[in-house]
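Novice: Pasting the sequence and the predicted coordinates here, then a few questions.
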Amino acid sequence: MANKDSDSLPQSANAADGALVRESWKVFQIMAEFVEGFERLATIKPSVSVFGSARTSRAHADYLNAETVSRSLSDAGFAIVSGGGPGIMEAANKGGKAGKAPSIGLNIMLPKEQTSNEYQDIEMNFRHFFTRKVMFVKYASAYVIFPGGFGTLDEMAEILTLVQTGKSRHIPIILVNRAFWSGLLDWFQNTLVSNGMINQQDLSLISIAETAEDVLKIIFDHYENRDFEPSVQEQEILLQL
């Protein structure tokens, strides 16, 4: 028995060493994604990150509205940043590409559902959700969120948490389609606020819009007395994302 155990030790050690080497090299892959993202997006300003379901059909009212909103934002000078896939992401890139500013897709490699759309002036591909998330936040002047599923809710919760906790600068967070979001907003008010999980003032981080005109007004009202560029203090905050 002793010999059997001692014989297995080198194999276990080799397996552990191999796993450690693989994990260590993974760090360089992650670093490469950050570096490429910073280099390619740092000069694309101002920009608006647009989110929504990959499953929304091209004939759906949300798709058509996302295309219109993104075209209006692009014509107003905002680069459009989406997840680069189908559905609302495609609508956002399509509207952005038809406008005056760049259309950018931050694609993610997934086992299913994610395929790149054809409306991207700048196309990037990520293996890791967390590096991709940083790119959505770091250079955004606003978040525009259309109806979507878990991925969309994840992005919404991420930016709300970052702004609420002071880990990112305060930017407009705009939910489009009140009818879709009203149940969630009621739950925020009646459950999260009522149970002290968030403060009443935290709900003021969220704006509701229906049309392109609504979205543009919310964004320009927010920046009426300040620049779209982050202040020196905000730049320091964004370095800590």
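Specialist: That came through, no problem.

Novice: mind giving me the domain ranges of this structure?
Specialist: 1-41, 44-239 (automatic domain parsing).

Novice: and among those domains, the most buried is which?
Specialist: Neighbour counts (mean count of other CB atoms under 10 Å) averaged over each of the domains of the chain peak at domain 44-239, with a mean of 18. Where you see a C-beta, it was placed from the backbone N, CA and C, and this is true even at glycine.

Novice: follow-up on the earlier one: using CSV, lay out the domains of the chain together with mean pLDDT.
Specialist: Formatted as CSV, the domains of the chain follow (pLDDT from 0 to 100):
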stretch, mean pLDDT
domain 1-41, 73
domain 44-239, 95
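
Novice: can you pull the contacts of the residue most central in space within the chain?
Specialist: Of all residues in the chain, the one closest to the mean position by CA atoms, centre = their mean is residue 136, 4.0 Å from it. Residues counted as contacts of residue 136 (CB atoms under 8 Å, 6 or more residues apart in numbering) are 49, 81, 106, 143, 155.

Novice: Correct me if wrong, but it is in a helix.
Specialist: Yes - assessed by DSSP: H, G, I helix; E, B strand; the rest coil, residue 136 belongs to a helix.

Novice: Would you mind measuring from it to residue 236?
Specialist: 20 Å (CB to CB, to the nearest Å).

Novice: now do residue 167
Specialist: Taking CB to CB, one finds residue 167 at 12 Å from residue 236.

Novice: ok, now residue 116?
Specialist: Plainly put, residue 116 is 35 Å away from residue 236 if you go by CB to CB.

Novice: what's the distance between the closest residue to residue 231 other than its chain neighbours and residue 45?
Specialist: The shortest distance from residue 231 to any non-neighbouring residue, by CB to CB, 6 or more residues apart in numbering, is to residue 169 (7.9 Å). Residue 169 sits 13 Å away from residue 45, going by CB to CB.

Novice: Check residue 91 too.
Specialist: Residue 91 sits 23 Å away from residue 45 when distances are taken as CB to CB.

Novice: Residue 144 belongs to a strand?
Specialist: Yes - according to three-state DSSP, residue 144 belongs to a strand.

Novice: pretty sure it is touching residue 174, no?
Specialist: Yes - with contacts counted by CB atoms under 8 Å, residue 144 reaches residue 174, the gap being 4.9 Å.

Novice: Now the common contact residues for those two.
Specialist: By CB under 8 Å, 6+ apart, residue 144 and residue 174 have these common neighbours: 209, 215.

Novice: Make sure residue 81 is indeed in a helix.
Specialist: No - going by three-state DSSP, the assignment for residue 81 is strand, not a helix.

Novice: Report the separation between it and residue 103.
Specialist: In terms of CB to CB, residue 81 sits 9 Å off from residue 103.

Novice: before we move on, the earlier item: so who does the residue nearest to residue 231 touch?
Specialist: By CB under 8 Å, 6+ apart, residue 169 lies in contact with 163, 230-231, 234, 237-238.
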